[in-house]
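[1] prediction below, plus the sequence it came from.
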Amino acid sequence: MEIKGSGPGVPLQPSDHSPAAGRPDADAPARSLLSPAQEQVLLALRDRDLSFDPHARRALTNDLTGVGGYLTQGWLPDDSNRDGPVKLLWHDATSPEGVAWDTTNLTLEPDAQVIGMRNTDGGADSYFVCRPDQQDADAPPNFFIVCIESGRRTGMYEIYVSPPCSWQAFLDHFE
């Protein structure tokens, strides 16, 4: 059984099937950027708001990039990391006024992997994303926090992307 994302603003629900993730490679098995030891550390975190279940990652990705997902109707504010895992597809999607309803505004970079989320039950939910280091292919991946800061009432989601951080700095967020 997998966790099915019901879309923005709706809690995750159990499902017996896996939704398409809205990306061309959605059905291909993704090789995790995390080591087995890192996977174990994330699974050992004890916080009811956190989900790092590897089997839920496709559904979490769909919550961001699927039809009606947060990123499709999202915008990047000036203080958001523009070189991170979120790609600006619609050039005006830098303010609520620039969100286009008839197109996809933002998406994930093809090499980005959603590895988990924090569900705050109505607050600013956060998705945890890792991405290979863009400067050094041999370096460990970078970690990002993608925060959905607003949008429940309007359907236009302010997407804050943190600067990249190391594995240890990422873990420090959960202490």
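    Structure's in. What do you need? Numbering: from 1, shown residues only.
[2] quick one: secondary structure of the residue nearest the centre of the chain?
    Taking Cα atoms, centre = their mean, the centroid of the chain lies closest to residue 127, which sits 4.1 Å from it. Three-state call for residue 127 (DSSP: H, G, I helix; E, B strand; the rest coil): strand.
[3] wouldn't it be in contact with residue 146 here?
    Yes - under the contact definition of Cβ atoms under 8 Å, residue 127 touches residue 146, with a separation of 4.5 Å. Where you see a C-beta, it was placed from the backbone N, CA and C, and this is true even at glycine.
[4] which neighbours do those two share?
    residue 64 (Cβ atoms under 8 Å, 6 or more residues apart in numbering).
[5] the helices in the chain, which residues?
    Here the chain has its helices, by DSSP state H, at 36-44, 57-65, 167-172.
[6] could you dump the ones you listed to a markdown table with mean neighbour count?
    Converted to a markdown table, the helices of the chain look like this (neighbours: other Cβ atoms under 10 Å):
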| stretch | mean neighbour count |
| --- | --- |
| helix 36-44 | 12 |
| helix 57-65 | 25 |
| helix 167-172 | 14 |
